[in-house]
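S.K.: Okay, sequence plus prediction incoming.
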Amino acid sequence: MSKIFVDACFRKETPYTPVWMMRQAGRYLPEYMEVRGQAGSFLNLCHNPEKACEVTIQPLDIVGVDAAILFSDILVIPDEMGMDLEFIKGQGPVFHDPIETQEDVDRLICGEEAANKLTYVYETIKLLKEKLPEDKALIGFTGAPWTLATYMIEGQGTKTYNLCKKMMYSNPELLHNILRKVTDIVKLYLEKQIQAGADVVQIFDSWAAAIEPGRYDEFSWKYMVEIAEYIKEKYPHIPVIMFPKGISAFINMDGVYGNFDVLGIDWGTPMAMAKAKLGDKYVLQGNMEPCRLYSKEETTKCVEKIQETMQGEGHIFNLGHGILPDVPVENAIHFVKECQRVSKKS
Ligand SMILES: Cc1c2[nH]c(c1CCC(=O)O)Cc1[nH]c(c(CCC(=O)O)c1C)Cc1[nH]c(c(CCC(=O)O)c1C)Cc1[nH]c(c(C)c1CCC(=O)O)C2
């Protein structure tokens, strides 16, 4: 049976434009909070294939999205490289011993060895393949090397990225050594997700906009393209989605290149501009401002506007970044229904 989401990634005719939401499995769902409570913590939930499978499926049943995204986190990679991830309430993810020197990089577990430690992710995917309806696609994912490196160097989330940027401008070789190690693991990680059953993969570069546009290729995009091309060469039937958040300047400079299928557009980039520059080359995914979800009227207006721009051609509906924890579930359901309604072909 064909999957509408995979078809749309390859620009094939679909009965309507499929929709999913970044962070769709998460805290806005009371059902998620209940399972997380049973698991004890967010990381325990990631490590428990049965429960991770359950929360992956929740938004399909409750909100009606057209694809599932594996429940995990981008930071399980540095965790398994030996960096010891902790999620601290009110603070977010923390690595207590961030990377400062080449010796720190040399200590990291790399390649196959690190990728093989992520067995709980592959087990979750295998379980999901048994449980998901045949017409729903399963999206596997990873963080982009740059976004992962920001946490590995800063030790936590940051507003200024000063430690990363100090390294970028004063010791770029060290930064490239980190990016190289992470890239090599990510290639294997995505490959193993595909072998376990992922139908599509997305690379999240959430902190792309921290890099000045003229240096974005050098420190992030070229590594993302290397990963995408590794996957496309071996698994051409698997769509690859790139999500470099906040790169309208990069789009404007025609800096987007590479062998992948779908480009995720963040909410700060006008869809019409992305379409004019790249709509012939890539299917575009996005891009409602996630806070529109606080108002059903604003949601409808935005969905209609995106539909008017994209006309159901080479498009996948999504938010322009993740859904926030305090969004009413009924508004998320409204968003999904509206996307399916406005794009339905009669
Ligand atoms: C930067 C980043 C992270 N994680 C992720 C990114 C890239 C995407 C983006 O930009 O939003 C990706 C991610 N994180 C999570 C998923 C699961 C799948 C899905 O999208 O539903 C995915 C794809 C679950 C999660 N990851 C996290 C939660 C909340 C944890 C909880 O239940 O308390 C979930 C559901 C925690 C997390 N994880 C991360 C942070 C900064 C935080 C804490 C901040 C926050 O609380 O939102 C790192």
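M.R.: Sure, I can see it. Computed from a predicted structure; not experimentally measured.
S.K.: quick one: average pLDDT of stretch 138-148?
M.R.: The predicted model assigns stretch 138-148 a mean pLDDT of 98.
S.K.: Can you show me the CA trace of that stretch as PDB?
M.R.: What follows is stretch 138-148 as a C-alpha-only set of coordinates in PDB (Å, rounded to 0.1, in the frame of the first residue of the first chain):
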ATOM      1  CA  LEU A 138       7.400   6.500   9.900                       C
ATOM      2  CA  ILE A 139       9.900   9.400  10.000                       C
ATOM      3  CA  GLY A 140      13.300   8.700  11.500                       C
ATOM      4  CA  PHE A 141      15.600  11.600  12.400                       C
ATOM      5  CA  THR A 142      18.800  13.000  13.600                       C
ATOM      6  CA  GLY A 143      20.200  16.300  14.600                       C
ATOM      7  CA  ALA A 144      22.600  18.000  12.100                       C
ATOM      8  CA  PRO A 145      26.300  17.800  13.200                       C
ATOM      9  CA  TRP A 146      26.400  21.600  13.800                       C
ATOM     10  CA  THR A 147      23.300  21.500  16.100                       C
ATOM     11  CA  LEU A 148      24.600  18.600  18.000                       C
END
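S.K.: near the ligand, which residues of this structure?
M.R.: With CB under 6 Å from any ligand atom as the criterion, the chain comes near the ligand at residues 22-27, 36, 42, 69, 71, 73-75, 92-93, 141, 157, 204, 206, 322. C-betas here are computed from N, CA, C, even on glycine.
S.K.: List the buried residues in stretch 163-172.
M.R.: Applying a neighbour-count criterion of 16 or more other CB atoms under 10 Å, the buried positions in stretch 163-172 are 163-165, 167-168.
S.K.: quick one on the thing from earlier: among the residues of the chain next to the ligand, which ones are in helices?
M.R.: Taking DSSP state H as the definition of helices, these contribute 36, 42.
S.K.: Among the residues of the chain next to the ligand, filter down to the buried ones and hand me the ChimeraX syntax, if you would.
M.R.: Burial among the residues of the chain next to the ligand is assessed by 16+ other CB under 10 Å; the matching ChimeraX selection reads:
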select :22,23,24,25,26,36,69,71,73,74,75,93,141,204,206
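S.K.: With respect to residue 130, which of the buried residues of stretch 163-172 is nearest?
M.R.: Within the buried residues of stretch 163-172, the smallest distance to residue 130 is 40.6 Å, found for residue 164 (CB to CB).
S.K.: which residue is nearest the centroid of this structure?
M.R.: Nearest residue to the geometric centre of the chain (CA atoms, centre = their mean): residue 204, 3.9 Å.
S.K.: beta partners of that one?
M.R.: Listed by DSSP bridges, the beta-bridge partners for residue 204 are residue 143, residue 243.
S.K.: what's near enough to touch it?
M.R.: By CB atoms under 8 Å, 6 or more residues apart in numbering, the contact set of residue 204 is 74, 141-144, 147, 243, 245.
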